[in-house]
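[1] just a sequence and a predicted model for now, questions to come.
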Amino acid sequence: MYYPNCPFCKGTFTEIAKIITESDDGIKTYHHRWFQCKKCKKKYYSLATEYVFDDSLDYYMYEVEENIWTEHVKLIKKCKQKNNPLCNCDSHKLAKNVGYENFICTDYTLRSEE
Ligand SMILES: [Zn+2]
Ligand SMILES: [Zn+2]
């Protein structure tokens, strides 16, 4: 299921950073987002994997420890071309390798029907 609001306090989200990467074979585009709850200030990250051949999406959401989140957001913001999946800067390298443990939810319902 997809959470339009904070799963802990129902507060609304503010997006702080986002960046796009793609798989080496170019068939998947990854939309990385770092956001926080306006109310309880919990930090989140979501990854939407877009399948280029049919525009479908897989969605994963994680809660992220504040120190790590702040550090990563700072680095991501340094990239000057966040919408260019072929950019090979340190921000893009971080996005490609990032992985968080506090899994909140996934959503496959965003996939387009066959
Ligand atoms: Zn909250
Ligand atoms: Zn970059």
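    Received it, and whenever you're ready, just let me know what you need. Ligands and ions are numbered 1, 2, ... in the order given.

[2] where do the helices of the protein begin and end?
    66-76, 90-97 (DSSP state H).

[3] tell me the most buried of those helices?
    Among the helices of the chain, helix 90-97 has the highest mean neighbour count (mean count of other CB atoms under 10 Å), at a mean of 17. C-beta coordinates here come from the backbone N, C-alpha and C atoms, glycine included.

[4] what is the mean pLDDT for that helix?
    The pLDDT scores in helix 90-97 average 97.

[5] quick one, which of the helices of the chain is nearest to ligand 2?
    helix 90-97 (3.9 Å; CB to the ion).

[6] how near is Ile104 to Asp90?
    Distance, Ile104 to Asp90, by CB to CB, to the nearest Å: 27 Å.

[7] what does Lys41 give?
    Taken as CB to CB, the span from Lys41 to Asp90 is 27 Å.

[8] in the element among helices and strands of the chain having the smallest mean pLDDT, what's buried?
    Least confident helix or strand, the chain: strand 102-107 with a mean of 89, by mean pLDDT, DSSP states H and E. Within strand 102-107, the residues scored as buried using 16 or more other CB atoms under 10 Å are 104, 107.

[9] list the helices and strands that strand packs on?
    The criterion is 3 or more CB pairs under 8 Å, 6 or more residues apart in numbering; DSSP states H and E, and the helices and strands that strand 102-107 contacts are strand 56-64.

[10] tell me what the strand it packs on is packed against?
    strand 43-51, strand 102-107.

[11] what is the burial count for Leu86?
    10 (other CB atoms under 10 Å).

[12] so how far is Thr29 from it?
    Leu86 is 11 Å from Thr29, by CB to CB.

[13] next, show the common contact partners of those two.
    Taking CB atoms under 8 Å, 6 or more residues apart in numbering as the contact rule, Leu86 and Thr29 both touch Glu22.
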